[in-house]
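Colleague: this one's structure only:
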Ligand SMILES: Cc1ncc(COP(=O)(O)O)c(C=O)c1O
């Protein structure tokens, strides 16, 4: 089956958050993590059917959506779950916030930096102290530094926040690291929050995503897994995500933290989620091939740009670029002046880095990279 990822779809002047402010300019925005591709045809058709029904009352998860999630986790991650473990959410970030709010005020969270900013912000917003453990760059890979983790984690830590595959570094945690992290968390009496929203976007065939909750029942009982079809199938604007929480007490605590203020998932989100998980595999396979081509282009170009460097991207459509030796005082501003909008690494806890989203047609990506090169003082 053919899918056309080269097609340019105009997003200027729509409701796009990513393209907001780009009207009347030719800036190429490569910041927030959504892709400039149309969603899988199966999801679009399901949305048409749901819209044609014409009644948009309050929604609850249709049985088909629940079954699709259960089947996808078994098919793609060898994880057999009970449907009652699923808690639907309007977003994974909501789930991150709820995990922080489940803690007592003096209980701390632990996260690795650099990391997706809501891992940092939600602990602050919830008023929970946070320990930030730097991720180490070793032999061309980003790795967990277990010595720092041991040394920095305070006795009051109760939540270990994992992001695998990791945003922004694109690293897939190897099984031995997942096992070590789980043993560490359980040994310290910590719950594990595992954000796996990028788990179906593994690009490197030598890497495999390991779901921490599949390690053993004791780990599953201490883990809150957060995921969604939104990154993989490009549906984030539809607000449909879920937590999988095998332990009933933990699940009750999570629901209690949600209280009455977390809205339910909307009808269109459920419809697209079900179709994407059920019928989206051929589209996803083609997408991954296309993203591998984009990743190769980014890596080759960045490697030849003076003062820029990056480690290979194992998963996600995000490139984490080290611009500290570029000679640019403010890389984001300089690249924007050259016509490319990126995200500042400072938001992730790593000033001097920039994050580039390569989920776009290749011709656009090539032009963005050309502009970035032109911004470099040594080029
Ligand atoms: C690691 C990670 N978690 C969560 C999200 C956002 O999730 P949601 O839109 O479902 O809140 C993103 C989006 O970039 C992400 O990269």
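Modeller: Here it is on my side, so go on. Everything quoted here is computed from the prediction, not taken from an experiment.
Colleague: make it CA atoms for all contacts and neighbour counts henceforth
Modeller: Will do.
Colleague: check what pLDDT residue 378 gets.
Modeller: Residue 378 carries a pLDDT value of 73.
Colleague: now residue 87: which helix or strand?
Modeller: Using DSSP states H and E, the element containing residue 87 is strand 86-89.
Colleague: which residue sits closest to the residue in the stretch 1-150 of the chain positioned nearest to the ligand, ignoring its sequence neighbours?
Modeller: Residue nearest to the ligand within the stretch 1-150 of the chain (C-alpha to the nearest ligand atom): residue 91, separated by 3.3 Å. Excluding its sequence neighbours, the residue lying closest to residue 91 (C-alpha to C-alpha, 6 or more residues apart in numbering) is residue 241, at 5.0 Å.
Colleague: ramachandran angles for that neighbour?
Modeller: phi -140, psi 180 (degrees, to the nearest 10).
Colleague: so how many other residues sit close to it?
Modeller: Look at residue 241: counted by other C-alpha atoms under 10 Å, it has 26 neighbours.
Colleague: gap between it and the ligand?
Modeller: The gap separating residue 241 from the ligand is 6 Å, by C-alpha to the nearest ligand atom, to the nearest Å.
Colleague: just after the helix or strand of the chain with the lowest mean pLDDT, pick out the following helix or strand.
Modeller: Least confident helix or strand of the chain, by mean pLDDT, DSSP states H and E, is strand 136-138 with a mean of 85. Note on strand 136-138: by DSSP H and E, the next helix or strand toward the C-terminus is strand 141-143.
Colleague: still on that earlier bit, the least confident helix or strand of the chain packs against which elements?
Modeller: strand 141-143 (3 or more C-alpha pairs under 8 Å, 6 or more residues apart in numbering; DSSP states H and E).
Colleague: show me what the strand it packs on is packed against.
Modeller: For strand 141-143, the packing partners by 3+ C-alpha pairs under 8 Å, 6+ apart are strand 136-138.
Colleague: just the buried positions in the strand it packs on, please.
Modeller: residue 136 (16 or more other C-alpha atoms under 10 Å).
Colleague: what sits against residue 355?
Modeller: Residue 355 is in contact with 31, 168, 318, 319, 320, 321, 342, 343, 344, 345, counting by C-alpha atoms under 8 Å, 6 or more residues apart in numbering.
Colleague: tell me how many other residues surround residue 248.
Modeller: Counted with other C-alpha under 10 Å, residue 248 comes out at 12.
Colleague: with adjacent residues omitted, what lies nearest to it?
Modeller: residue 85 (7.9 Å).
Colleague: residues in contact with that neighbour?
Modeller: 243, 244, 245, 246, 247, 248, 251 are the contacts of residue 85 under C-alpha under 8 Å, 6+ apart.
Colleague: mind checking which of those are buried?
Modeller: Buried among the contacts of residue 85 by 16+ other C-alpha under 10 Å: 243, 244, 245, 246, 247, 251.
Colleague: which among the contacts of residue 355 gets closest to residue 16?
Modeller: In terms of C-alpha to C-alpha, no member of the contacts of residue 355 lies closer to residue 16 than residue 31, at 11.9 Å.
Colleague: nearest to residue 302, of the contacts of residue 355?
Modeller: Nearest to residue 302 among those, with distances taken as C-alpha to C-alpha, is residue 321, at 8.0 Å.
Colleague: interface residues of this protein facing the ligand?
Modeller: When proximity is defined as C-alpha under 6 Å from any ligand atom, the chain approaches the ligand at 33, 91, 92, 93, 116, 163, 167, 195, 197, 236, 241.
Colleague: re the thing from before, now do the contacts for the residue nearest to residue 91.
Modeller: Per C-alpha under 8 Å, 6+ apart, neighbours of residue 241: 88, 89, 90, 91, 92, 226, 227, 228, 229, 230, 265.
Colleague: residues contacting the fourth one?
Modeller: Contact criterion C-alpha under 8 Å, 6+ apart gives 228, 239, 240, 241, 242 as the residues in contact with residue 91.
Colleague: ok, and the most crowded of the residues you listed?
Modeller: Within the contacts of residue 91, most neighbours by other C-alpha under 10 Å means residue 228, with 28 neighbours.
Colleague: cool, thanks, talk later.
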